[in-house]
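>>> Provided below are the primary sequence and the corresponding predicted coordinates.
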Amino acid sequence: MSYRHLTVYERSQIETLSALGYSCRAVARLLGRHHSTINRELQRNKGREQTYQADKAHLAYQARRRKSSKKDSSLP
């Protein structure tokens with residue numbers, strides 16, 4: 001299965017459109033993504049104020065990527 005990570009630009013679009021009151025499905029349609037991708041991104045990266053901030057979301061994404069470890073190829 002092939003997939004693409006969200007870009008900084010897409011995250012900023014999600015922030016803008018959700019602040020304007022667009023639904024997850026409407027944002028997904030405009031970005032050409034599945035609605036569950038947008039919903040998951042919003043839920044995963046909402047701050048204490050319950051608002052989505054693209055810059056903080058992207059920093060959190062980068063931290064998660066650095067923290068993840070590569071699997072040992074010798075293991076089944």
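Perfect, thanks for sending it.
>>> Point out the other helices and strands that the longest helix anywhere in the chain packs with.
The longest helix of the chain (DSSP state H) is helix 54-67. Other helices and strands packing on helix 54-67, by 3 or more CB pairs under 8 Å, 6 or more residues apart in numbering; DSSP states H and E, are helix 8-19, helix 35-44. The way it works is simple: take the backbone N, C-alpha and C, and place the C-beta from them, glycine included.
>>> Please repeat the previous calculation with a cut-off of 6 Å.
For helix 54-67, the elements it packs on are helix 8-19, judged by 3 or more CB pairs under 6 Å, 6 or more residues apart in numbering; DSSP states H and E.
>>> Please identify the buried residues of the helix it packs on?
Neighbour counts using 16 or more other CB atoms under 10 Å place 10, 11, 13, 14, 15, 17, 18 of helix 8-19 among the buried residues.
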